[in-house]
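Colleague: Give me the fold of what follows.
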Amino acid sequence: MESGRLHSSVNRPKIALGGWRAVRFILGNETFEKLASMSLIANLVLYLHTMYNLDSVDSAYVFQIWSGTTNFAALAGAFLADAYLGRFYTLLFGSFASLLGMGVLTLGAGFPEMRPPPCRHGESNCPQPHPWQLGFLYLGLGLLVIGAGGIRPCNISFGADQFDTNTEKGRAKLESFLNWWYLLFSVALVIALTLVVYVQTSISWTLGFAIPTACFVFSILIFLLGRRFYICKTPQGSVFADMAKVLVATCRKRNVPKFTQIDHFLHDPPMDSSKLSHTDRFLVFDKAATVVDSSTELDEQGKSKNEWKLCSVHQVEQFKCFVGIVPIWAAGIPCFISMQQMGSFGILQAIQMNRFIGPHFQIPPAWMSLTPMIALSIWIYIYEKYVEFMKKKTHKNKRFSLKTRIEIGIVMSVLCMVVAGILENIRRSSAEENKSFVSPLHVWMLIPEFALSGLTEAFAAIAVMELLTTHLPESLRTVAGAIFFLSLSLGSYMSSVLMAIVSKINRVEGGKSGWLGGNDLNKNRLDYFFYVVGVIAAFNFFYFRFFATHFLPKPNV
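Modeller: So this is what the prediction gives:
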């Protein structure tokens, strides 16, 4: 009997790790996590304004600081994952931190003692929260920042770890994973913007926060259920420290003559993990790996005595990959600037349009934000079905190249701003002719500009995400996730700077509004501002087409 059990255990087939079996759990985890986090992001300003009696400026300030910090926290999470915990445990740690943060906010919404007394309608001096009440609120938001720092840089890169991106088949599966990730993200966003936001504003903030808290619980459970199927790669050390070492070593050896920079003089020790080979790109950084005096720079085992003076070829090539990807990554930021306009000025356009469906129901302006997600979801579904059909018919992978998709995304960002400018001119003219604050034109007229924003995201954002995931070595994948969210943050900040510059340049004296400003778009020239953003997007196309693409190896473009 004992030998039979032993024989059975020996012959038991091993569980295949990675692949779509593992990715299904990761996608399920991401869907519930995004549903929870987007539910808070969509309504945080309103919650601060109505439940904590913060004025509009303070509410927006808290939101902007919190939102920006969550994006930059991704860099710290990337460092933690690469140097110490690995992606699986960093994701798990971030998920638990987010659960605790959402739980704190739910308690704050559920117990009146945790908030100031409600402000009476029409009261100008509303009771302000005590410092300890704000402290409890900031505790919850701080835990959510920590959670986002662990989740955002690792979610996509951990999914990418489940595929072998060194093969064409693996890269095709990765592209499908990214498309499905974005599709499910869009579905979660739609549910968050409709059902959960409705519960928060119309039924109960406590229930509205309890739903995201429950979503975090489901997210963690699903993630843990797939534990035995995951490929969990061990941390290889801090990539940020390695990049800093390359920069410092290059500066220290800036006077090393170029003729010494050949393979014989480069420090290239063997490595246990996959090692990057020497390339001829950015040869100036080879100085960091150039052995000038082996007696003082190398020990008896041939290892570097001080990596701040002598780096390995692998460290240098890792840094070269990062430098080479920056010009392509930067091309995505203007696309995000165009997309930002629909989330702000697009909603303001909707407010000053006819939003009635029938005699009684009026569409909430924020619902227009669903249009880009719907357009993105429809395109991804059609694209995946087309690829599947062509693969069965031709037995070839008929996917658009990375370069082509980014170019299409940039073109869509230009069209989005041009169409938005034209539609704003039509809307404004109709309102002036009707001598009314609200244009008689229906809000459905704005669907083209919102849809183009969604297509910009479908092509450019997904392609940039794939670029960062596939064109960087495995050791930089976590950094890639952090860099992607950093680009979103920079797009938002640069949009704000552009608005401030345009407002200052076009400020009109005598009480009249310029291109931007005031509470009435009919007195502005928002269409001109859209055209300015469109011109920036057009310059971005030429920048990408004739400059940025040269920084990628031709086989991978």
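Colleague: now the lengthiest helix in the chain, how far from the chain's geometric center?
Modeller: As far as residue count goes, and with DSSP state H defining each element, the longest helix of the chain is helix 313-351. The gap between the average C-alpha position of helix 313-351 and the chain average comes to 9 Å, counting by Cα atoms, centre = their mean, to the nearest Å.
Colleague: excluding its backbone neighbours, what's nearest Phe541?
Modeller: Excluding the flanking residues, the one nearest Phe541 by Cβ to Cβ, 6 or more residues apart in numbering is Ile410, at 4.6 Å. No exception for glycine: its C-beta is placed from N, CA and C like everyone else's.
Colleague: Just give me the neighbour total for the one you found.
Modeller: Other residues lying near Ile410 total 27 when counted by other Cβ atoms under 10 Å.
Colleague: Okay, buried residues for the longest helix of the chain please.
Modeller: Residues of helix 313-351 classed as buried by neighbour count (16 or more other Cβ atoms under 10 Å): 313-322, 324-325, 327-343, 345-347, 349-350.
Colleague: what packs against that helix?
Modeller: Here helix 313-351 is seen to pack against helix 239-252, helix 402-434, helix 447-456, helix 462-470, helix 477-505, helix 526-546 when contacts are counted using 3 or more Cβ pairs under 8 Å, 6 or more residues apart in numbering; DSSP states H and E.
Colleague: Can you name the next helix or strand after that helix?
Modeller: strand 353-354 (DSSP states H and E).
Colleague: so how far is that following strand off the chain centroid?
Modeller: Computed by Cα atoms, centre = their mean, the separation of strand 353-354 from the middle of its chain amounts to 32 Å.
Colleague: list the buried ones in stretch 412-427?
Modeller: For stretch 412-427, the neighbour count (16+ other Cβ under 10 Å) marks 412-421, 423-425, 427 as buried.
Colleague: if we can go back for a sec, now do the longest helix of the chain against helix 526-546, angle only.
Modeller: The directions of helix 313-351 and helix 526-546 differ by 160 degrees, with axes from the mean of the first three to the mean of the last three Cα atoms, to 10 degrees as the criterion.
Colleague: any idea of the mean pLDDT in helix 313-351?
Modeller: When pLDDT is averaged along helix 313-351, the result is 87.
Colleague: what angle sits between it and helix 239-252?
Modeller: Using the same axes, to 10 degrees, the direction of helix 313-351 lies 120 degrees away from that of helix 239-252.
Colleague: out of everything not next to it in sequence, what's closest to Asn434?
Modeller: Nearest to Asn434 is Pro440, by Cβ to Cβ, 6+ apart, at 5.4 Å.
Colleague: next one: phi and psi at that neighbour?
Modeller: Comment: the main-chain dihedrals of Pro440 come out as phi -70, psi -10, following degrees, to the nearest 10.
Colleague: so who does it touch?
Modeller: Remark: with contacts taken as Cβ atoms under 8 Å, 6 or more residues apart in numbering, Pro440 is in contact with Asn354, Ser430, Ala431, Asn434.
Colleague: among those, which ones are buried?
Modeller: In the contacts of Pro440, burial by neighbour count holds for Asn354, Ser430, Ala431, counting by 16+ other Cβ under 10 Å.
Colleague: Low-confidence regions, the stretch 351-500 of the chain specifically.
Modeller: Low-confidence segments of the stretch 351-500 of the chain, defined by pLDDT under 70, are located at 397, 477-478, 481.
Colleague: got it, and the stretch 101-250 of the chain?
Modeller: For the stretch 101-250 of the chain, applying pLDDT under 70 flags the ranges 120-124.
Colleague: pLDDT score assigned to the residue lying closest to Cys311 once chain neighbours are set aside?
Modeller: Leaving aside its chain neighbours, Cys311 sits nearest to Ala288 (4.4 Å; criterion: Cβ to Cβ, 6+ apart). Here, the pLDDT recorded for Ala288 equals 89.
Colleague: Neighbours of Ala288, how many?
Modeller: 28.
Colleague: Would you confirm that it contacts Glu307?
Modeller: No: taking Cβ atoms under 8 Å as the contact criterion, Ala288 and Glu307 are not neighbours in contact, 9.3 Å apart.
Colleague: so how far is Glu388 from the spatially most central residue of the chain?
Modeller: Against the mean C-alpha coordinate of the chain, by Cα atoms, centre = their mean, the closest residue is Phe485 at 3.5 Å. Counting by Cβ to Cβ, to the nearest Å, the separation of Phe485 from Glu388 is 30 Å.
Colleague: same check, this time on Ile41
Modeller: Counting by Cβ to Cβ, the gap between Ile41 and Glu388 amounts to 33 Å.
Colleague: Would you mark the buried spots in the strand or helix carrying Phe63?
Modeller: Secondary structure assigned from DSSP H and E places Phe63 in helix 56-80. Using 16+ other Cβ under 10 Å as the test for burial, helix 56-80 gives 59, 62-63, 66-67, 69-71, 73-80.
Colleague: Could you break the protein into its assigned domains?
Modeller: The chain breaks down into these domains under automatic domain parsing: 14-235, 239-318, 324-557.
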